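[1] Provided below are the primary sequence and the corresponding predicted coordinates.
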Amino acid sequence: MHKRHLIALAAAAVTSVTLFGNALAQSDTVKIGVILPMTGQQASTGRQIDAAIKLWVAQNGNKVAGKKVEVIVKDDGSLPDATRRLAQELVVNDKVVALAGFGITPSAMVTAPIATQSKTPMVVMAAATSAITEASPYVVRTSFTLPQASVALAEWANKNNVKKVVSLVADYGPGYDAEKFFTDRITLNSGQVMEKLRTPMRAPDFAPVLQKVRDAKPDALFVFLPSGQGAAFMKQFGERGLDKAGIRLIATGDVTDDDQLNDMGEVAMGVVSSHHYSAAHPTPANKKFVDAFVAAHKFRPNFMAVGGYDGMRVIYKALEASKGAGGDALLAGMKGQIFESPRGQVLIDAQTRDIVQDIYIRKVEKKDGQLWNIEFDSVKAVKDPGKLK
Ligand code: PHB
């Protein structure tokens, strides 16, 4: 009896040592689960954000609040079913304290319920449909929203005698936001949207819509296409002679994307766009960011890279505040952060968990033999107009 009791005690002791050991090992490391499109149509977004995360860690170290930070990057090929499966694995098996990345809106949307159920903060570094932050109270966004960019551009158009416009957007969430907010604002100010055209999100063919634009003869064509499609679109716009036909191209900065801009050639010159980030943003903080990024990765950072870099900042500072804890404590540390990003001053609105930032109006110009989006006007501290509905 006595012996059996001793054996049981010893077994319990071993179990508790093992449990205690595991708990210690676990609490020594905090894991961040990043899901990105590293392959497929949106691969440039994955490449940009992955590079920015690596730069952040190289500059800021892999220790926060006395714990080792481990970043796990998974490739979802921008397929939402893969995003959902990877998010589940990262939460259940890897026990990540935060999810991050999300190259396209559908990937962010399918992950939102997982974030809610597991109380895991989810930092959206790329996707930009307004409604994403409303899909879960655990979503925090460091990218931008299409309403932010589109309203600012519509106001510029109104002030610059652009009256008749055709709109062309990718046929999914961010495209609908761009179309609606651009149209509503320009018509409010007595402009006119003659036609609303949409192209498929995957493998778009621009030929049929460009023909329609030619026939409509607007003052300008307004375009939103997701990062990665800009160069192909611009080439066809030029090949079909729309620029020569006197149709002005205006776009969200996703089209004059710094990832591809330098290869777009003459047709891109003079294109006016609106966005939250240009690699040419003239501040010391941005110059430092661009120089370090180019030195490390040998390519120019675009707006996706800045969303990733700032997303890491938001996670690191929140981990400091929560002393490495996840869940609601980590989420609380993300809300209300104010800091100088390479894009300028930003705020993570504590109420909406969305980013408040300046939106710049830019024009493509050649400087030192390279094409850049040169900022010439700005709208300060823009809250997502999608939340003011
Ligand atoms: C999106 O799917 O939300 C998205 C993707 C690429 C962009 C903008 C928005 O450039």
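    It's in. This structure is a prediction, so every number in the text was calculated from the model and none was measured.

[2] residues contacting V162?
    Neighbour list for V162: 191, 219-220, 248, 250 [criterion: C-beta atoms under 8 Å, 6 or more residues apart in numbering]. Yep, even glycine has a C-beta here, placed from its N, CA and C like the rest.

[3] ok, which of those residues also contact the ligand?
    When contact is defined as C-beta under 6 Å from any ligand atom, these do not meet the ligand at all.

[4] not counting sequence-adjacent ones, nearest residue to the residue nearest the centre of the chain?
    In the chain, the C-alpha nearest the mean C-alpha coordinate belongs to A126, at 1.8 Å (C-alpha atoms, centre = their mean). Nearest residue to A126 in three dimensions, chain neighbours excluded: G103, at 4.9 Å (C-beta to C-beta, 6 or more residues apart in numbering).

[5] burial of that neighbour, as a residue count?
    Using other C-beta atoms under 10 Å, G103 is surrounded by 32 other residues.

[6] thinking again about what came up before, got a PyMOL select line for the buried ones in the contacts of V162?
    To isolate the buried ones among those in PyMOL, judged by 16 or more other C-beta atoms under 10 Å, type:
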select buried, resi 191+219+220+248+250
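
[7] of the contacts of V162, which is the nearest to the ligand?
    Comparing the contacts of V162 against the ligand with C-beta to the nearest ligand atom places I250 closest, at 16.1 Å.

[8] do stretch 355-368 and the ligand come into contact?
    No - Stretch 355-368 does not reach the ligand (C-beta under 6 Å from any ligand atom); its nearest approach is 13.6 Å.

[9] list the buried residues in that stretch.
    Counting neighbours by 16+ other C-beta under 10 Å, stretch 355-368 gives 355-365 as buried.

[10] one more: stretch 38-47?
    Across stretch 38-47, burial judged by 16+ other C-beta under 10 Å covers 38, 40-47.

[11] now, the most widely separated pair of the contacts of V162?
    With C-beta to C-beta as the measure, no two of the contacts of V162 lie farther apart than G191 and R248, at 13.1 Å.

[12] hmm, back to that, could you export the contacts of V162 as a markdown table, including pLDDT and secondary structure?
    A markdown table is the format used below for the contacts of V162 (pLDDT from 0 to 100; DSSP: H, G, I helix; E, B strand; the rest coil):
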| residue | pLDDT | secondary structure |
| --- | --- | --- |
| G191 | 95 | coil |
| D219 | 97 | coil |
| A220 | 98 | strand |
| R248 | 97 | strand |
| I250 | 98 | strand |
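
[13] picking up where we left off before, just the buried residues of stretch 355-368: which are in strands?
    Cross-referencing the buried residues of stretch 355-368 against strands under DSSP state E gives 355-365.

[14] and the residue nearest to T116 when sequence neighbours are not counted, what does it touch?
    Leaving aside its sequence neighbours, T116 sits nearest to S136 (C-beta to C-beta, 6+ apart; 4.4 Å). Counting by C-beta under 8 Å, 6+ apart, S136 touches 112-113, 115-116, 122.

[15] again, 10 Å this time
    108-109, 111-117, 119-122, 353 (C-beta atoms under 10 Å, 6 or more residues apart in numbering).

[16] and it, that's in a helix?
    No - looking at S136 with DSSP: H, G, I helix; E, B strand; the rest coil, it is coil, so not inside a helix.

[17] for it, what are phi and psi?
    As for S136, its main-chain torsions (degrees, to the nearest 10) stand at phi -160, psi 140.

[18] stretch 372-388 vs the ligand: in contact?
    No - Stretch 372-388 lies out of reach of the ligand by C-beta under 6 Å from any ligand atom, never closer than 12.2 Å.
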